[in-house]
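# Using only what follows, build the 3D model:
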Amino acid sequence: MKVLLDNVNIFSNSGPNHFGSKLIKYLDKRGNQCMLPPQEGADIKLAFIESSQIIETLPMALRLDGVYFAPEQNYKLRNGGLSQSYRKADGVIFQSEFNKEMCFKYFGEHKNYAVINNGADFEYMDSIKPLGHPKIDEFETVWCCAASWRRWKRLRENIKYFLEHSGPKDCLVVAGHVDASEAVIHDRIFFVGDIDTNSLYSLYKRSKYMVHLARYDSCPNVVVDARAAGCQIICSSIAGTKEVAGPDAIVIYEEPWDYSPASTTNLPEISFDKVITNGYNTNIDMTNVAERYEQFLKETLSVSTKTS
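Just a heads-up that it's a prediction; the model follows:
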């Protein structure tokens with residue numbers, strides 16, 4: 001099967017593109033041929049987030065990251081392109097049940113869909129060595145967190161959780177660019193800024209815990225990769241993170257959200273008092289994820305009325 005991947009930049013390390021590179025590798029390993037525009041001759045198009053161009057004669061599956069819902073984001077206007085791609089798609093892939101429910105609320109139900117979580121490249125992860133650094137090696141237990149830091153990613157809360165639940169021989173390594181206003185000066189917290197994928201994986205391999213209390217994530221790749229590296233995940237019960245965090249995750253309970261418009265900057269307080277059992281044990285191996293993508297793309301081809 002020839003798959004045209006639309007709106008994917010294999011040279012970017014952002015979440016969707018990082019996953020896109022892994023998906024290309026594992027779909028190709030299964031005997032498919034992944035293509036990038038402007039190549040022609042595809043059997044089906046797989047668009048990430050929204051399609052850059054609707055081709056009426058080419059069947060299309062859409063992989064959605066989520067929807068805009070914040071009043072300060074002018075969410076109704078920004079959802080316009082997503083909604084158009086959603087309506088035109090022959091099939092839709094949601095990254096999580098949370099992702100699906102959000103899209104159903106804002107765009108309506110889709111007749112052909114699958115929930116397929118993001119996956120980790122265990123084969124590549126196994127080749128990575130744990131991080132070694134003189135300052136970090138002074139500590140017995142390493143914690144980590146990583147994101148493209150925005151307010152709803154909750155860096156402050158991640159740091160607070162670490163300080164309240166760690167011992168004097170624990171340290172926290174924060175990856176990703178952090179504004180000066182968010183940085184905390186502490187002798188057990190290290191800010192390493194933006195680092196490449198290998199360095200990030202090396203950090204995960206060295207860490208025992210990843211704390212990721214982000215409120216609105218659909219299916220964070222950093223959590224998927226950290227879990228694959230052996231980290232125990234600490235996350236919120238809100239949104240989709242818990243779905244890929246693993247059965248041993250420490251899930252901090254928050255009051256349910258009905259997906260109504262909400263601010264991404266003025267967040268509810270989170271209390272660490274109530275921990276709940278995680279009911280999800282999702283398979284995050286890219287071998288499995290790519291097989292499920294291939295199956296859904298073939299099913300979408302079979303039901304599409306378009307001819308490529």
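
# can I assume residue 224 is in contact with residue 121?
No - with contacts counted by CB atoms under 8 Å, residue 224 stays clear of residue 121, the gap being 9.8 Å. Placement of C-beta: from N, CA and C, glycine included.

# the more surrounded of the two?
residue 224 (29 against 23; other CB atoms under 10 Å).

# what helices or strands is the helix or strand hosting that one leaning on?
Assigned by DSSP states H and E, residue 224 belongs to helix 221-228. Counting contacts by 3 or more CB pairs under 8 Å, 6 or more residues apart in numbering; DSSP states H and E, helix 221-228 packs against helix 15-29, helix 122-125, strand 141-146, helix 197-206, strand 209-212, strand 232-236.

# which parts of the longest one are buried?
By neighbour count, with 16 or more other CB atoms under 10 Å as the criterion, the buried positions of helix 15-29 are 15-24, 26-27.

# Dump those residues into CSV; add distance to residue 48 and pLDDT as well.
As requested, the buried residues of helix 15-29 are exported to CSV (distance: CB to CB, whole Å; pLDDT from 0 to 100):
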residue, distance to residue 48, pLDDT
15, 10, 72
16, 5, 84
17, 8, 86
18, 11, 89
19, 8, 93
20, 6, 93
21, 11, 93
22, 13, 95
23, 9, 96
24, 11, 96
26, 16, 97
27, 14, 97
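
# Same list, these, but as a markdown table with distance to residue 219 please.
Below are the buried residues of helix 15-29 laid out as a markdown table (distance: CB to CB, whole Å):
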| residue | distance to residue 219 |
| --- | --- |
| 15 | 9 |
| 16 | 10 |
| 17 | 14 |
| 18 | 12 |
| 19 | 9 |
| 20 | 13 |
| 21 | 16 |
| 22 | 13 |
| 23 | 13 |
| 24 | 18 |
| 26 | 16 |
| 27 | 18 |
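
# Which one of these is nearest to residue 239?
Taking CB to CB as the measure, residue 239 lies nearest residue 15 of the buried residues of helix 15-29, at 14.0 Å.

# Run through the protein and note the low-pLDDT ranges.
307-308 (pLDDT under 70).

# tell me the helices in it, going along the chain?
15-29, 75-88, 97-107, 122-125, 155-165, 197-206, 221-228, 286-303 (DSSP state H).

# For the fifth one, which helices and strands make contact with it?
It refers to helix 155-165. Using 3+ CB pairs under 8 Å, 6+ apart: helix 155-165 touches strand 141-146, strand 170-175, strand 209-212.
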